[in-house]
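> Need coordinates for the below:
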Amino acid sequence: MANTENLIPIEEVNARKTREERSESARKAGIASGKARRRKKTTGELAKIMLQSSAPEKIASQVKNLYSDLEDADITNDAARLAGVVKRATQGYAKENVYLDELIAKAEQQEAENSVKWQMPITDLTSDFVEAYRAIHKAYDYGTYRRIISKGGRGSIKSSFWSDVAEETIYNDKQAHVVFTRRYKVDLKDSVYNQFIKTVTRHNKADEWEFSKSPLMARYKPTGQTVMFVGCDKPVSLKSYNVTFGYVKLMISEECDEMAGIEQIESVEDTFLRGNVNAVSVLVYNPPKSVNNWMNEYTEEQKQEPTTFITHSYYYNVPVEWLGKRFFERAEWFKVNKPTYYKNNYLGEVTGTGGAVFENLEFRTLSDAEINAQSYRYYGLDFGYEHPQAFIECAFDDETDTVYVINEVRKVRTKQEQFARLLKDYKNKEIKADSADPEKIDDWQDYGFDVIGATKYWKGGGRDYSWEWLQTRAKIVIDEARTPFIAKEMKTAEFEQLRNGSFSSQYPRLNEDCIMALIYSLNDVIRSEKRLADYEEDY
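Numbering: from 1, shown residues only. Next up, the predicted model:
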């Protein structure tokens, strides 16, 4: 037995040591303790690896014989251990039954938690985005939409909403990734990148994300999913962006009207939106004032596309506290003092540059009854091949000073004989055509049509007067469903804007094929009106 009388208390031993000796002892003790902790952690990891490894062949065979529904890959050492617990439970051992009940309950709870989908807070939505929110889920669940166009004026929270959708997409699909694009890489950080950081911070989830600036990316830590921020000014660099698993489910093109055209966006889509998944491309923009802007034109075209959803949002549906009182005060000032600027910048309306040729257009549905009520029709033909060839049927009500566009036929790179077959129902009608090409007029007469050259120039009149005549009618009524081509031409016809901000007086000579066919059709009406106007002036 040890002689305890010879033992020196630890307090006395420490008291005899110098300060430096005590410090060195503490350091060594800390190192030893750290090593011990690391050994324990390593042992735990080894145990986990061993238990998850495949069971020995003999044991695996025994487990398989007992539980044939198990896949071979599932028969691990851990499964073999659990098989023993299950066997004892079936033999009536209470402790094993309690353990299994608790294990199953925990698994079911975990499964239930994983199945609950995260949704953006209802407080992040305005009434303008309710249908858009439904649309994105229809797109994901059923493939209803492949493209969503989100437009609106300033302060209408478009970017905020789609940032919410990007976050929700990541949480609800563990294989999904998201891409934000701008035309220029330099614009990403201070716009969509910062907006996404604000979004996850507002939802108290910033700690779950890792943000990097080279490359510009947000990584969701629990799963490794990414939100990538991509500039489109260097197409070659897009190849450096890839995902190590899963797929890009959502691509959001912010300020997409800055792009060179829809072809540039589609090129980026081809890079990222691959695989057999219901992926969606969202185009976000503030409509430019010019109707001729490519994005405004594209949006008009997409109204007829069933796989495209179009939404428009407004600042006045956003709570005042979100934007601040000053924002609303400024909007009201512009509404009163600069209404055109207000309509474009705050309401997102396409107001035109101020150089629109036709301001008397009325777009609405024309019923068969209304068309049949027109007592007389006029027909015009503008020849073409490389540029479009166009035929127009219209009516003119001189009592109401209204032109009704009834029907159109428009083709590109189509031979005259083929185009004539499309108009076989008009063989007994007098058709006025471009008199600058008498050989084509002769061909049409040989085909059996009553085609006559329109008088393009006469004393005091001609092309410019014909355009002016259309400009000054009370109304030109167009049904866009019946005649979409002339609707687009007349809607987008603008005088050229000069450097000093004024407008040229020259009427357009491009993209006016249907308009010229309309002018030819009304050639006699326009000339007779000119003669009457000259007579009244002389009188």
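> ok, Tyr315 touching Gly155?
Yes - between Tyr315 and Gly155 there is a contact at 3.6 Å, judged by C-beta atoms under 8 Å. Quick note: C-beta positions are derived from backbone N, CA and C, even for glycine.
> any common contacting residues for the two?
Jointly contacting Tyr315 and Gly155 under the rule C-beta atoms under 8 Å, 6 or more residues apart in numbering are 323, 327, 331, 346.
> Val412: what's it in contact with?
Taking C-beta under 8 Å, 6+ apart, we find Val412 in contact with 384-389.
> buried subset of the residues you listed?
Buried by 16 or more other C-beta atoms under 10 Å: 384, 388-389, out of the contacts of Val412.
> ok, back up a step: so which of the contacts of Val412 is the closest to Leu498?
Lowest distance from Leu498 to those (C-beta to C-beta) belongs to His387, with 25.6 Å.
> so Lys151 bridges to which residues?
When assigned by DSSP bridges, Lys151 has beta-bridge partners Tyr285, His312.
> could we number from 721 for the rest of this?
Sounds good: first residue 721 from here, last item Lys871.
> residues near Gln811, how many?
By other C-beta atoms under 10 Å, the residues close to Gln811 number 9.
> Next one: it from Gln782, what distance?
Between Gln811 and Gln782 the computed distance is 16 Å (C-beta to C-beta, to the nearest Å).
> where are the low-confidence patches of the stretch 721-870 of the chain?
721-762, 764, 771, 828-836 (pLDDT under 70).
> Spell out, range by range, the strands that occur in it.
For the stretch 721-870 of the chain, the strands defined by DSSP state E, counting those that start in this stretch cover 867-872.
> repeat for the stretch 971-1120 of the chain
Assignment of strands within the stretch 971-1120 of the chain using DSSP E, counting those that start in this stretch yields the ranges 1000-1005, 1028-1033, 1081-1083, 1098-1102, 1109-1117.
> which one of the ones you listed lies closest to Tyr1018?
Taking C-beta to C-beta, strand 1000-1005 is the member of these nearest to Tyr1018, at 8.4 Å.
> Tell me which residues are up against that closest one.
Contact with strand 1000-1005 is made by 856, 859-860, 865-871, 878-879, 882, 885, 969-977, 985, 989, 993, 1015, as judged by C-beta under 8 Å, 6+ apart.
> just how off-centre is stretch 1200-1213 within its chain?
Relative to the centre of its chain, stretch 1200-1213 is centred 25 Å away, using C-alpha atoms, centre = their mean, to the nearest Å.
> repeat for stretch 793-809
In this view, stretch 793-809 has its centroid 51 Å away from the chain centroid, taken as C-alpha atoms, centre = their mean.
> Centre-most residue in this protein?
Among the residues of the chain, the one closest to the centroid is Val1002, at 1.3 Å (C-alpha atoms, centre = their mean).
> Serialize the contacts of Val1132 to JSON lines and add fields for pLDDT and distance to Cys1234.
Converted to JSON lines, the contacts of Val1132 look like this (pLDDT from 0 to 100; distance: C-beta to C-beta, whole Å):
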{"residue": "Gly1104", "pLDDT": "94", "distance to Cys1234": "11"}
{"residue": "Tyr1105", "pLDDT": "92", "distance to Cys1234": "16"}
{"residue": "Glu1106", "pLDDT": "91", "distance to Cys1234": "16"}
{"residue": "His1107", "pLDDT": "91", "distance to Cys1234": "11"}
{"residue": "Pro1108", "pLDDT": "95", "distance to Cys1234": "8"}
{"residue": "Gln1109", "pLDDT": "97", "distance to Cys1234": "10"}
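> Using CSV, please lay out those together with distance to Asp1154.
Converted to CSV, the contacts of Val1132 look like this (distance: C-beta to C-beta, whole Å):
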residue, distance to Asp1154
Gly1104, 9
Tyr1105, 13
Glu1106, 15
His1107, 12
Pro1108, 13
Gln1109, 10
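> out of the residues you listed, who's nearest Phe1169?
Nearest to Phe1169 among the contacts of Val1132 is Gln1109, at 13.8 Å by C-beta to C-beta.
> ok, the closest one - contacts?
Gln1109 touches 1101-1103, 1130-1132, 1134, 1139, 1233, counting by C-beta under 8 Å, 6+ apart.
> So which of these belong to helices?
Residues of these located in helices (DSSP state H): 1139, 1233.
> Taking the contacts of Gln1109, tell me the two that lie furthest apart.
The span of these, defined through C-beta to C-beta, is set by Leu1101 and Val1132 at 15.1 Å.
> what about Glu1159, how many neighbours?
Glu1159: 9 neighbours (other C-beta under 10 Å).
> now swap in the one 4 residues further on and tell me
The local packing of Asp1163 (other C-beta under 10 Å) involves 17 other residues.
> likewise Thr1203?
Applying other C-beta under 10 Å, I find that Thr1203 has 24 neighbouring residues.
> tell me the SS of the residue lying closest to it once chain neighbours are set aside?
Spatial nearest neighbour of Thr1203, excluding adjacent residues (C-beta to C-beta, 6 or more residues apart in numbering): Glu1128 at 4.4 Å. Here Glu1128 is recorded as strand under DSSP: H, G, I helix; E, B strand; the rest coil.
> before we move on, back to that, in TSV: the strands of the stretch 971-1120 of the chain, plus distance to Thr843.
TSV is the format used below for the strands of the stretch 971-1120 of the chain (distance: least, C-beta to C-beta, whole Å):
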stretch	distance to Thr843
strand 1000-1005	21
strand 1028-1033	16
strand 1081-1083	38
strand 1098-1102	56
strand 1109-1117	52
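> With respect to Val850, which of those strands lies nearest?
Taking C-beta to C-beta, strand 1028-1033 is the member of the strands of the stretch 971-1120 of the chain nearest to Val850, at 9.6 Å.
> how big is the angle separating the closest one from strand 1000-1005?
Orientation of strand 1028-1033 against strand 1000-1005 (axes from the mean of the first three to the mean of the last three C-alpha atoms, to 10 degrees) gives an angle of 40 degrees.
> which residues touch Asn1065?
Neighbour list for Asn1065: 873-874, 1006, 1054 [criterion: C-beta under 8 Å, 6+ apart].
> before we move on, what about Met937?
When contacts are counted by C-beta under 8 Å, 6+ apart, Met937 is found next to 931, 946-949.
> what's it sitting at in phi/psi?
Main-chain dihedrals, Met937, degrees, to the nearest 10: phi -160, psi 150.
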